[in-house]
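>>> quick one: sequence plus predicted model below, questions after.
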Amino acid sequence: MSEGPKKSKYSATRRLMLKTKLLKKAGSMLLTERDEKVRERESALDERVPPLKLSGMSVQELQDLCKDLHRKCDTVDEARYDIEVKVVKNEKEIENLVKKIEELKGTSMNRTKLKRVKKSTDAMLGALTESKLTAKSDFKANLKTVKKEEEKKEEVTDWRKNVEAMSGMEGRKKLFDAGQ
């Protein structure tokens, strides 16, 4: 029932020809769309900003025109500033909502950053064998435990009795032996 790989309806040359025609058509559509956007932009600008006719105007009329244009610039700047404030407010609100969503999911943006650790030469060369790994892991287990011995306290005796015993070479030998 199952047949081998299905043959395509179109040959390779036919598919290539169709692909090139589609790409040409898409390219021409992009160009016309781009031209249309440019025309729309120019028409919108022509509607909003009529062309200036400065010929035959007196100095007073030019000053009034400049003041009027300045007022219009101020209103546009105020509107732009208001929009920027709204955008910043919305961005902060979106950021807070994203944080709340992450808290509900259980993920946190404040993950601790890991410190860089230099690789050992053995690890870089890939020369660690199984026996070396087990030997290193058992290193602490093989260490001998050292118990702290209580220091022997010397008995306080009268120094005058000890002076005669420690005098001469025999006394120094006793001090040396006691130190070891």
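Nice, thanks for sending it over. Residues are numbered from 1 along each chain as shown.
>>> show the pLDDT at A178.
Note on A178: pLDDT of 65.
>>> please apply the same query to V146.
67.
>>> count the residues that sit near M57.
Neighbour count of M57, defined by other Cβ atoms under 10 Å: 13. C-beta: built from backbone N, CA, C; applies to glycine.
>>> the closest residue in space to it that isn't next to it in sequence sits in which helix or strand?
Among residues not flanking M57 along the chain, L65 sits closest, at 7.2 Å (Cβ to Cβ, 6 or more residues apart in numbering). Element membership of L65, judged by DSSP states H and E, is helix 59-105.
>>> for that helix, what is the average pLDDT?
93.
>>> what helices and strands are in contact with that helix?
Contacts defined by 3 or more Cβ pairs under 8 Å, 6 or more residues apart in numbering; DSSP states H and E place helix 59-105 against no helix or strand at all.
>>> next up, the contacts around the residue nearest to M57.
By Cβ atoms under 8 Å, 6 or more residues apart in numbering, the residues touching L65 are L52, L54, M57.
>>> closest one to A44 out of these, please.
The shortest approach to A44 among these belongs to L52, at 17.6 Å (Cβ to Cβ).
>>> counting by contacts, list what whatever helix or strand M17 lives in packs against.
Following DSSP H and E, one finds M17 within helix 12-48. Helices and strands touching helix 12-48, by 3+ Cβ pairs under 8 Å, 6+ apart: there are none.
>>> quick revisit: generate TSV for the contacts of L65, with distance to V98 and secondary structure as supplementary columns.
Below are the contacts of L65 laid out as TSV (distance: Cβ to Cβ, whole Å; DSSP: H, G, I helix; E, B strand; the rest coil):
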residue	distance to V98	secondary structure
L52	48	coil
L54	53	coil
M57	56	coil
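>>> which one of these is nearest V76?
Nearest to V76 out of those is L52 (Cβ to Cβ; 16.6 Å).
>>> quick check: phi and psi on that closest one?
phi -80, psi 140 (degrees, to the nearest 10).
>>> how many residues are close by it?
L52 - counted by other Cβ under 10 Å - has 9 other residues nearby.
>>> tell me the secondary structure for S8?
With DSSP: H, G, I helix; E, B strand; the rest coil as the basis, S8 sits in coil.
>>> for it, give me its contacts.
The neighbours of S8, taking Cβ under 8 Å, 6+ apart as the test, are R15.
>>> I'd like the distance between it and K19.
Between S8 and K19 the distance is 13 Å, computed by Cβ to Cβ, to the nearest Å.
>>> what of E102?
44 Å.
>>> same thing with E42?
35 Å.
>>> do the same with L45
L45 is 39 Å from K19, by Cβ to Cβ.
>>> and if you look at D82?
50 Å.
>>> ok, A79 next?
With Cβ to Cβ as the criterion, A79 and K19 are 48 Å apart.
>>> and V98, by the same measure?
From V98 over to K19 the distance is 42 Å, taken as Cβ to Cβ.
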